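Asks: predicted model and sequence below, questions to follow.
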2 protein chains.
Amino acid sequence: MMTDRIRTFLDEVRPDSPCLVVDLETVQERYLAFRRALPDTAVHYAVKANPAPDVLRLLVQLGSAFDAASLPEIRAVLAAGASAERISYGNTIKKERDIAAAHALGVRMFAVDSFAELDKVARAAPGAGVVCRILTDGAGADWPLSCKFGCDPDMAAEILVRAKALGLVAHGIAFHVGSQQQEPDAWDRALSMAASVFRSVAERGIQLNLVNLGGGFPAHYHGNIPNLTEYARTIKEALHRHFGNRIPETVIEPGRAIVGDAGVIRSEVVLISRKSAGDSVRWVFLDIGRFNGLAETENEAIRYPIRTASDHARREPCVIAGPTCDSADVLYQHQPYPLPVCLDIGDEVLIECAGAYTAPYSSVGFNGIRPLQTYVI
Amino acid sequence: MMTDRIRTFLDEVRPDSPCLVVDLETVQERYLAFRRALPDTAVHYAVKANPAPDVLRLLVQLGSAFDAASLPEIRAVLAAGASAERISYGNTIKKERDIAAAHALGVRMFAVDSFAELDKVARAAPGAGVVCRILTDGAGADWPLSCKFGCDPDMAAEILVRAKALGLVAHGIAFHVGSQQQEPDAWDRALSMAASVFRSVAERGIQLNLVNLGGGFPAHYHGNIPNLTEYARTIKEALHRHFGNRIPETVIEPGRAIVGDAGVIRSEVVLISRKSAGDSVRWVFLDIGRFNGLAETENEAIRYPIRTASDHARREPCVIAGPTCDSADVLYQHQPYPLPVCLDIGDEVLIECAGAYTAPYSSVGFNGIRPLQTYVI
């Protein structure tokens, strides 16, 4: 959302358009909201959502832990001042040499979802802790996860039993209910599956102690989303329902819900046109599109709040497109976006809730267009 | 396609995986094939396909002209040694200050598809030449263009008439029949539309003299594609059919057809797994995916030829996915890809015909993964 600090920064510094401005006060507020709502649950910030060094440093200072997707992300978190034991290597697809390098840096928690990955961890990070990720269905999520990650619960149990046999510490289960998940009950379903794996593994003499509840907590793009306290209540009730009086340690991995609302993209209208004299729909072309920051508009999945200086004026549905020569670089066409009829070329357009999964998706320079620049204030 | 030079480079230099290797001999061969097939047509290489400086330098030496999508692409072409009159600014979405900067650098040809863009060119590049892009339907293309670019022929005629009134040189018509276009007849349909605009504008006393036939010429991903001579014959016949004895000057803008087949991506298998004990399909995870080079596998649009050292062995359909924690980073799932059953973690995987629209689409570092590195040999 726009804040006074972001508005002042844009007006005073006037950075080149387009750019992303992230307000650290919002980041801090969202992080602390998670700590309050789920005080017994460790927060592992999902670095991939926004790896800006100032964001990482703030979260280190606030005591956050981190979910890293790669060795470079681990190095970035260490460079921001975190100790290695605060980092879990959450990607289930890792080169063995990267596991070894992470282990050498002190990382001791690795996610797996297959026997082959487990074997890599056993070889490259002897004695480390593992969590096994299980498949969930992703129903209710705006950016649902496919079945790319996770295995079925029976296989997860076998993997965790084997982990112990290989000298690793079988910590528990991880899952992810799907990004921008708007149904808190999704955690209930996943926790039921996790508990069944705990029981199955316990029958083989191994007591698991950790559930990684993943991310998926939403940002406030449009409309009402459930309050964070509602997610927390559902999760706590589900933990009691499925684990009884042996509640495991828990971890959450918010990314979008911490940085999403903290960022605003400042963009500019490059062109407004029609395709024929009788065309009823205007095309509004911005200087930002799918290839320099707005990758999550693929299939119009994420619908960002877009603000202009004329939002009080009459609006008309418009097609919104990006600046490249790629015809896939269209943001909203199937569901056109209402924009003021008086909007003009050169006008400022603000794209809110844009702090997560924007700048790091930018192409290195497709069509010669520079990557989205981030300013953290 | 793999060449002896690329194989030798990979074996001797052993660059980190993944990487793209582009063979300039293939680039040269493809460029010269266009010159031979269409000797009366100027080749404007579409820089966005692969802006590697060595590729641009070679094409400058061979006498190519260039289609640039942005001011940074114009600067890159100038830096490669081209003179400004060899560059057309082909993007119909340009900031006025970028038009002015291009004009100051000597660029004299601009594409437009709207009155508003024309007015910008008239203000920022007085006296320059313009072509107006018309909408085509894109049928027959593997990566079809939406209606993002171009206007209807009636509007194009009005724009060109107005161009002259604004003191610009109304050169003619541009179109693009869709990328990886496998039906040469698509050019016939588009040339018919272009000729109707020529006639309509001539009735207003303006003689157009140029048709930009666009790109869309295919690379050899899979199966048979029409021979370049077949495209050339269709285009020449269509020019005679629709323009009679007043054949206009013509320009083509190949990108994919010049660099696509010249590049091979060297990748590595990171993980092979199944999702359950009874799962019949293996998931093969590579160290390259949609966010570090293979963006055109979106919706499985471009199906790259994939080679391994065991292609003689029995193969089984596999899901192929990339290395990020993003579940959208899946390359082939709806149409699984046959890979050898003996393929193993750590094995080399070669992705052929990967010289176009790969490295420049790489994210700056999503998931901390570095952009695809290009080696031009």
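Replies: Received, thanks.
Asks: can you list the low-confidence ranges for the stretch 201-350 of chain A?
Replies: Nowhere does the stretch 201-350 of chain A drop to pLDDT under 70.
Asks: in it, which residue sits nearest chain B?
Replies: Per CB to the nearest CB, the residue of the stretch 201-350 of chain A with the smallest distance to chain B is A:Ser273, at 3.3 Å. For the C-beta atoms, the positions are set from N, CA and C on the backbone; glycine is no exception.
Asks: okay, and the beta partners of that residue?
Replies: A:Trp283 (DSSP bridges).
Asks: pretty sure it contacts B:Asp113?
Replies: Yes: assessed by CB atoms under 8 Å, A:Ser273 is found in contact with B:Asp113 at 7.0 Å.
Asks: give me the common contacts of those two.
Replies: B:Cys151 (CB atoms under 8 Å, 6 or more residues apart in numbering or on different chains).
Asks: neighbour count winner among those two?
Replies: Higher neighbour count among A:Ser273 and B:Asp113: B:Asp113, with 27 against 20, using other CB atoms under 10 Å in any protein chain shown.
Asks: show me which residues of the stretch 251-377 of chain A are close to chain B?
Replies: Within the stretch 251-377 of chain A, the positions adjacent to chain B are A:268, A:270-277, A:283, A:285, A:287, A:291, A:295, A:298, A:321, A:323-330, A:333, A:345-346, A:359-371 by CB under 8 Å from any CB of the partner chain.
Asks: restrict those residues to the buried ones and give me that as a PyMOL selection.
Replies: To isolate in PyMOL the members of these that are buried, counting by 16 or more other CB atoms under 10 Å in any protein chain shown, one can use:
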select buried, chain A and resi 268+270+271+272+273+274+275+283+285+287+291+295+298+321+323+324+325+326+327+328+329+330+333+345+359+360+361+362+363+364+365+366+367+368+369+371
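Asks: quick one, longest helix in chain A?
Replies: helix A:185-202 (DSSP state H).
Asks: so which elements touch the helix or strand that comes right after it?
Replies: On the C-terminal side of helix A:185-202, the nearest following helix or strand under DSSP states H and E is strand A:210-212. Packing contacts for strand A:210-212, counted by 3 or more CB pairs under 8 Å, 6 or more residues apart in numbering or on different chains; DSSP states H and E, involve strand A:129-133, strand A:169-174, strand A:249-252.
Asks: any buried residues in the next helix or strand after strand A:210-212, and which?
Replies: Downstream of strand A:210-212, the first helix or strand assigned by DSSP H and E is helix A:228-243. For helix A:228-243, the neighbour count (16+ other CB under 10 Å) marks A:Leu228, A:Tyr231, A:Ala232, A:Thr234, A:Ile235, A:Lys236, A:Ala238, A:Leu239, A:His242, A:Phe243 as buried.
Asks: related to what we said a few turns ago, list the ones among the residues of the stretch 251-377 of chain A next to chain B that fall in helices.
Replies: Among these, DSSP H puts none in helices.
Asks: separation between the residue sitting furthest away from the middle of chain A and B:Pro153?
Replies: Distance from the centre of chain A peaks at A:Ala277, with 42.9 Å (CA atoms, centre = their mean). According to CB to CB, to the nearest Å, A:Ala277 stands 11 Å off from B:Pro153.
Asks: residues contacting the closest residue to A:Arg282 other than its chain neighbours?
Replies: Spatial nearest neighbour of A:Arg282, excluding adjacent residues (CB to CB, 6 or more residues apart in numbering or on different chains): A:Cys318 at 4.9 Å. Going by CB under 8 Å, 6+ apart, A:Cys318 touches A:Val281, A:Arg282, A:Trp283, A:Val284, A:Pro336, A:Tyr337, A:Pro338, A:Leu339.
Asks: just the buried ones from those residues?
Replies: A:Arg282, A:Trp283, A:Val284, A:Pro336, A:Tyr337, A:Leu339.
Asks: what sits against the closest residue to A:Lys275 other than its chain neighbours?
Replies: Using CB to CB, 6+ apart and skipping the chain neighbours, the partner closest in space to A:Lys275 is B:Cys151 (5.2 Å). Taking CB under 8 Å, 6+ apart, we find B:Cys151 in contact with A:Ser273, A:Arg274, A:Lys275, A:Ser276, B:Asp113, B:Ser114, B:Cys132, B:Arg133, B:Ile134, B:Leu135, B:Ile159.
Asks: and the first one, how far from B:Thr92?
Replies: In this view, A:Ser273 and B:Thr92 are 8 Å apart by CB to CB.
Asks: list residues touching both of these two?
Replies: When contacts are counted by CB under 8 Å, 6+ apart, the set common to A:Ser273 and B:Thr92 consists of B:Asp113, B:Ser114, B:Glu117.
Asks: if I look at the second one, how far off is B:Ile173?
Replies: Just to be clear, that refers to B:Ser114. From B:Ser114 to B:Ile173 the distance is 15 Å (CB to CB).
Asks: got it, and the first one?
Replies: Look at B:Asp113 and B:Ile173: by CB to CB, they are 11 Å apart.
Asks: need the residues touching each of those two.
Replies: Residues touching both B:Asp113 and B:Ile173 (CB under 8 Å, 6+ apart): B:Cys132, B:Arg133, B:Ile134, B:Ala156.
Asks: do you know the pLDDT at the last one?
Replies: Confidence at B:Ala156, expressed as pLDDT, is 97.
Asks: if I read this right, it contacts B:Val130, doesn't it?
Replies: No: judged on CB under 8 Å, B:Ala156 makes no contact with B:Val130 at a distance of 10.8 Å.
Asks: for chain B, what are the nearby residues on the stretch 1-150 of chain A?
Replies: A:47-48, A:51, A:68-74, A:76, A:90-96, A:113-117, A:120, A:135, A:143-150.
Asks: show me those residues that map onto helices.
Replies: A:Leu71, A:Pro72, A:Glu73, A:Ile74, A:Ala76, A:Glu96, A:Phe115, A:Ala116, A:Glu117, A:Lys120.
Asks: tell me where the stretch 251-377 of chain A has strands.
Replies: For the stretch 251-377 of chain A, the strands defined by DSSP state E, counting those that start in this stretch cover A:263-273, A:282-286, A:306-308, A:315-321, A:330-340, A:348-351, A:373-376.
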